[in-house]
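> Here is my input, please return the structure:
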Amino acid sequence: MRMNIPLMGTLIGLSIIVCPLLYFFVGPALDTNQLATLRVLGIIAACSAAYCFIIGELTGNNSQMDKLWSILPVAYTWIIAARGGMSPRLVVMAVLATIWGCRLTYNFARKGAYKLKFWEGEEDYRWGVLRSVPALRKRWTWALFDLLFISVYQNALILMTTFSALVSMNSTVPFGWVDVIAATLTLGFIILETIADEQQWKFQTTKWTMIKAGQKLEDLPAPYNKGFNTTGLWGVSRHPNYLGEQGIWASFYIFSIGAGIGVINWSVIGALLLIVLFQGSSALGEEISSGKYPEYRLYQEKVPRFIPLWRHE
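This next block holds a predicted model:
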């Protein structure tokens, strides 16, 4: 299993360097209320990062941030909305974030991620795979990776995805047609991600039911004998759920344009870094799948990774 460690360092470097540069050179500057709100959000994010690192290291379950991924943006957007006077734009953004968060939390919960003992639950299989990477096999290197990438970076990233709401806090521009476009696109991508996750859940549940009943993978009826889903949305995109997730936060950024902040403003950093993260995450997942399923490389040649612009027969 290979892993591009320099890419992870680049991601962290982008967060440290690019965001401040965009803030100072693109704007807008935050006022007193926005800075105070950012401090509140920053404290929550810092506490979350500390929690994820400490609990992850003590229990060996590094999916603590995965459990919070769909919860924190909901809290952030409602805090921003409340401190921004519950303007129509901010309320719509918070409601959309809540719809997204409830759906994603449910999808993760049904995989066994949440337990009464909150530090337990099903761990994302990719963390186990990454522990086998030569560069991360030593205890101290994994702890460093856990601290910098899993805990600190991902908490910072999920906070940055809500920056478009933060910069829109004090806007005097009424809720308008740009906001309608942003809301429609965001909701549309939520629906896309929901359909993709439901199709994947149904496929994997059916496959594993047959395997647990004693059938071998190669003896399963098509398309289950491939081992991976190629039906529905998964027949035109290798990661339609990831496409939906990236689209949600890119569309969320459009609200800042509707607020009159400008077509390009520094709050775009959240959406951009999320897209970069999913490039790496999807590449890792595909490397794992290619090692498990013989037909996966042929699937890669026929179907695009995200946007279904082409399909080779």
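> Show me where this structure has its strands.
Using DSSP state E, no strands are found in the chain.
> Output the below-cut-off pLDDT ranges for it.
Residue ranges of the chain with pLDDT under 70: 1-16, 19, 310-313.
> ok, now with 80
Applying pLDDT under 80 to the chain picks out residues 1-27, 119, 309-313.
> could you show me where the helices are in it, in order?
5-25, 32-59, 64-68, 72-83, 88-109, 125-130, 139-145, 154-160, 163-167, 177-212, 240-258, 269-292, 296-302 (DSSP state H).
> can you pull the buried residues of the longest one?
Of the residues in helix 177-212, 178-179, 182-183, 185-187, 189-190, 192-194, 196-197, 199-200, 203, 207, 210 count as buried by neighbour count, 16 or more other Cβ atoms under 10 Å. In this view, the C-beta of every residue, glycine as well, is placed from N, C-alpha and C.
> what does the last one give?
Across helix 296-302, burial judged by 16+ other Cβ under 10 Å covers 296, 299.
> list the helices and strands it packs on?
On a contact count with 3 or more Cβ pairs under 8 Å, 6 or more residues apart in numbering; DSSP states H and E, helix 296-302 meets helix 269-292.
> repeat for the longest one
Based on contacts counted as 3+ Cβ pairs under 8 Å, 6+ apart, the elements that helix 177-212 packs against are helix 88-109, helix 240-258.
> chain center to the first one, what's the gap?
With Cα atoms, centre = their mean, to the nearest Å as the basis, the distance from the averaged C-alpha position of helix 88-109 to the chain average is 13 Å.
> Give me the contacts around that helix.
66-67, 69-71, 73-74, 76-78, 80-81, 84, 114, 162, 164-165, 168-169, 171, 174-175, 179, 183, 186-187, 190, 193-194, 197, 201, 248, 252, 255, 258-259 (Cβ atoms under 8 Å, 6 or more residues apart in numbering).
> Buried subset of the residues you listed, written for PyMOL?
Buried residues among the contacts of helix 88-109 (16+ other Cβ under 10 Å), as a PyMOL selection:
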select buried, resi 66+67+69+70+71+73+74+76+77+78+80+81+84+162+164+165+168+169+171+175+179+183+186+187+190+193+194+197+248+252+255+258+259
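> Let me know which of the helices of the chain is tucked in deepest.
Mean neighbours per residue, mean count of other Cβ atoms under 10 Å, is largest over these for helix 163-167, with a mean of 27.
> what about dumping the CA coordinates of that one to PDB?
Extracted C-alpha coordinates of helix 163-167, given in PDB (Å, rounded to 0.1, in the frame of the first residue of the first chain):
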ATOM      1  CA  PHE A 163     -16.600  30.200   6.300                       C
ATOM      2  CA  SER A 164     -19.000  31.200   3.500                       C
ATOM      3  CA  ALA A 165     -21.700  31.600   6.200                       C
ATOM      4  CA  LEU A 166     -19.200  33.500   8.400                       C
ATOM      5  CA  VAL A 167     -18.400  36.100   5.700                       C
END
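> And that helix, how far out from the chain middle?
18 Å.
> Against which helices or strands is that helix packed?
Judged by 3+ Cβ pairs under 8 Å, 6+ apart, helix 163-167 is in contact with helix 32-59, helix 72-83, helix 88-109, helix 240-258, helix 269-292.
> Export those helices as a markdown table, with columns for distance to residue 299.
Shown next, in a markdown table, are those (distance: least, Cβ to Cβ, whole Å):
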| stretch | distance to residue 299 |
| --- | --- |
| helix 32-59 | 33 |
| helix 72-83 | 32 |
| helix 88-109 | 23 |
| helix 240-258 | 13 |
| helix 269-292 | 9 |
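> Among those, which comes closest to residue 233?
Closest to residue 233 of the helices and strands packed on helix 163-167 is helix 240-258 (Cβ to Cβ; 3.9 Å).
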